[in-house]
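*Asks:* got a predicted structure plus its sequence, pasted below:
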Amino acid sequence: MSILNYTVIWIGTGVILLAFIISLIFSKSNKAYMNGFFFCVLIGLLLSINTIISRFFFLYDKQISFLIQNTLFILELFFWTLFFLKLLRDAKNKRIIQTLFITTLSLAFYILYYNSTDQSNLHVLGLLNICKTIFCILFYHNLFKKISDQNILLEPSFWIVNGLIFYSCLSIPFYGLNNYITLQFSPLISNNIFSISNMLIIIMYLFFIKAYLCKPHLHRP
């Protein structure tokens with residue numbers, strides 16, 4: 001693993017940990033969707049911790065690490081689905097979200113079942129990110145369809161979805177071309193390329209931190 005990869009992983013873990021701490025501080029919210037969003041942040045932290053343990057503790061069983069990682073990927077999609085169901089409450093969007101979740105989950109289990117479990121399945125992660133990207137597009141469609149005087153820059157959901165689509169959309173090529181990148185480039189270069197996807201995660205969690213600091217989210221007695 002390159003120095004760049006190490007650095008990005010540690011910085012990313014620090015940013016995610018900061019987001020988690022802030023989520024605990026502002027845990028009381030008058031917005032229902034923020035309560036479920038906490039678990040998305042928690043799973044992100046668990047994924048990062050699992051990655052660090054697997055990279056730096058050589059006695060840690062890699063197969064167990066990848067099993068935990070793939071399980072957390074699925075759980076993360078589940079909580080993102082709950083987040084968008086609370087955010088987009090009309091019947092049409094709920095049907096689309098539920099159908100998309102079931103379809104994506106079925107395809108993910110199919111890919112995991114017919115592929116080796118002793119390695120990280122980035123194709124599954126790419127598939128899950130496509131699903132999350134579509135969730136975000138539904139949010140934007142619903143947002144810009146309504147004419148409102150509300151300042152969306154003060155709305156936590158706006159920053160959360162911005163961060164999510166930034167990462168999910170831009171990371172799809174890296175995960176989809178995982179095999180090609182690994183075969184065509186040396187380990188050093190391929191690791192540096194995949195560091196870009198980790199940088200996208202860092203930026204996403206900076207958006208999440210901004211969402212928690214939005215004034216409407218602060219608890220008022």
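*Replies:* Great, that's in hand. Numbers count the residues shown, from 1 in each chain.
*Asks:* just after the helix or strand of the chain with the lowest mean pLDDT, pick out the following helix or strand.
*Replies:* Comparing every helix and strand of the chain by mean pLDDT, DSSP states H and E singles out helix 178-184 as the least confident one, with a mean of 82. Sequence-wise, the next helix or strand downstream of helix 178-184 (DSSP states H and E) is helix 187-212.
*Asks:* what is that following helix packed up against?
*Replies:* On a contact count with 3 or more Cβ pairs under 8 Å, 6 or more residues apart in numbering; DSSP states H and E, helix 187-212 meets helix 3-25, helix 32-56, helix 156-176, helix 178-184. Yep, even glycine has a C-beta here, placed from its N, CA and C like the rest.
*Asks:* so which of these has the densest surroundings on average?
*Replies:* When those are scored by mean count of other Cβ atoms under 10 Å, the highest mean neighbour count falls to helix 156-176 (a mean of 21).
*Asks:* the helices and strands packed on helix 187-212: which one's closest to Gln69?
*Replies:* Relative to Gln69, the nearest member of these by Cβ to Cβ is helix 32-56, separated by 5.8 Å.
*Asks:* which residues are contacting the closest one?
*Replies:* 1, 9-10, 12-13, 16-17, 19-20, 23, 27, 29, 60, 62, 65, 68-69, 72-73, 75-76, 79-80, 82-83, 86-87, 156-157, 160, 201, 205, 208, 217 (Cβ atoms under 8 Å, 6 or more residues apart in numbering).
*Asks:* alright, I will stop here.
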